[in-house]
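Chemist: Here is a sequence with its predicted model. Questions after.
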Amino acid sequence: MSNVVGMNEFVGMANGNLHCWLCQKAVSTRALFCHHCGTIQPVRDIDHFARLGLERRIDIDMDLLDHQYAALSRTLDPQRFMIRGMGERGHAAKQLEALNVSYEVLREPLRRGRYWLELNEKMSNKAGDGHPFVKELRSELDIAANPAHCDRVAQRAGQALEQGIMGLMQALRGQKWQEANAALLELDGLEAILGDVRTRRLKLMPEKEGKAGVVGVD
Ligand SMILES: [Zn+2]
């Protein structure tokens, strides 16, 4: 039974379908407070820039950073939540903690630089292009010279996709989140390849119907 709960949580997170813990209405990932009932929300998995309400860039305006931090820590001041329930006080304390961590990382150039590298590495791997098999298929597709060659790439990608989906389900059932995440990245990469195969195949196809009259003219 616990597997089912775990999986639902995971899927919910992946889709970004967040709900207020109190009124159950939809809330955005970045919202500190629910737009419907005004209740403080739990700490969400957002990057440090988003937590400070800043644009994601390596050169940040330090005055703006300080200003944002001051305003947000006033909003999250434990004094303001004294008369609230345990749940709200707890979330406010956690939010303040997360805010402090984000601020510390962004304020120090070295930590910000390291964090920036981490973030960008994550983003560049997002399409699964870093996966060895995806890479191999990608380079094969790059040199594919005819539709038959494209079909072979598509067939291999399709088979890997099927296997990958089974692997993903297995990881989800076992609550192995990191494995599931890696499987998802590979699947994204394979799907992207399948899409590109179709585009490439169309380009390599001999001109048809409407242009039948101009065969031989390149
Ligand atoms: Zn609410």
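Modeler: Received the coordinates, thanks. Numbers count the residues shown, from 1 in each chain.
Chemist: Every contact and neighbour count from this point should use C-alpha atoms.
Modeler: Fine.
Chemist: Contacts made by stretch 22-41 with the rest, please.
Modeler: Residues from elsewhere that reach stretch 22-41, judged by CA atoms under 8 Å, 6 or more residues apart in numbering: 16-21, 42, 44-46, 50-51, 88, 91-92.
Chemist: Pick the one among those residues closest to residue 144.
Modeler: residue 16 (37.4 Å; CA to CA).
Chemist: Which pLDDT value does the model give the closest one?
Modeler: Per-residue confidence (pLDDT) for residue 16: 53.
Chemist: Return the residues of this structure in contact with the ion.
Modeler: Residues of the chain found near the ion, taking CA under 5 Å from the ion as the criterion, are 20, 23, 34, 37.
Chemist: mind giving me the domain ranges of the chain?
Modeler: In the assignment given by automatic domain parsing, the structural domains of the chain cover 2-124, 132-205.
Chemist: how far does the first one sit from the chain's center?
Modeler: Read it as domain 2-124. Between the centre of domain 2-124 and the centre of its chain there are 15 Å (CA atoms, centre = their mean, to the nearest Å).
Chemist: picking that back up, sitting in helices, which of the contacts of stretch 22-41 do you find?
Modeler: 50, 51, 88, 91, 92 (DSSP state H).
Chemist: Mind putting these into JSON lines with distance to residue 65, pLDDT and neighbour count?
Modeler: Shown next, in JSON lines, are these (distance: CA to CA, whole Å; pLDDT from 0 to 100; neighbours: other CA atoms under 10 Å):
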{"residue": "50", "distance to residue 65": "11", "pLDDT": "94", "neighbour count": "14"}
{"residue": "51", "distance to residue 65": "11", "pLDDT": "96", "neighbour count": "24"}
{"residue": "88", "distance to residue 65": "26", "pLDDT": "96", "neighbour count": "18"}
{"residue": "91", "distance to residue 65": "23", "pLDDT": "96", "neighbour count": "19"}
{"residue": "92", "distance to residue 65": "20", "pLDDT": "97", "neighbour count": "24"}
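Chemist: sorry, back to before: winner for burial among the domains of the chain?
Modeler: The highest average neighbour count among the domains of the chain, using mean count of other CA atoms under 10 Å, belongs to domain 132-205 at a mean of 17.
Chemist: that older thread, looking at the contacts of stretch 22-41, spot the one nearest the ion.
Modeler: Nearest to the ion out of the contacts of stretch 22-41 is residue 20 (CA to the ion; 4.6 Å).
Chemist: for the host helix or strand of residue 182, what is the average pLDDT?
Modeler: Taking DSSP states H and E as the definition, residue 182 sits inside helix 177-204. Here helix 177-204 scores 87 as its mean pLDDT.
Chemist: Let's have the residues of the chain next to the ion in JSON lines, adding secondary structure.
Modeler: Shown next, in JSON lines, are those (DSSP: H, G, I helix; E, B strand; the rest coil):
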{"residue": "20", "secondary structure": "coil"}
{"residue": "23", "secondary structure": "coil"}
{"residue": "34", "secondary structure": "coil"}
{"residue": "37", "secondary structure": "coil"}
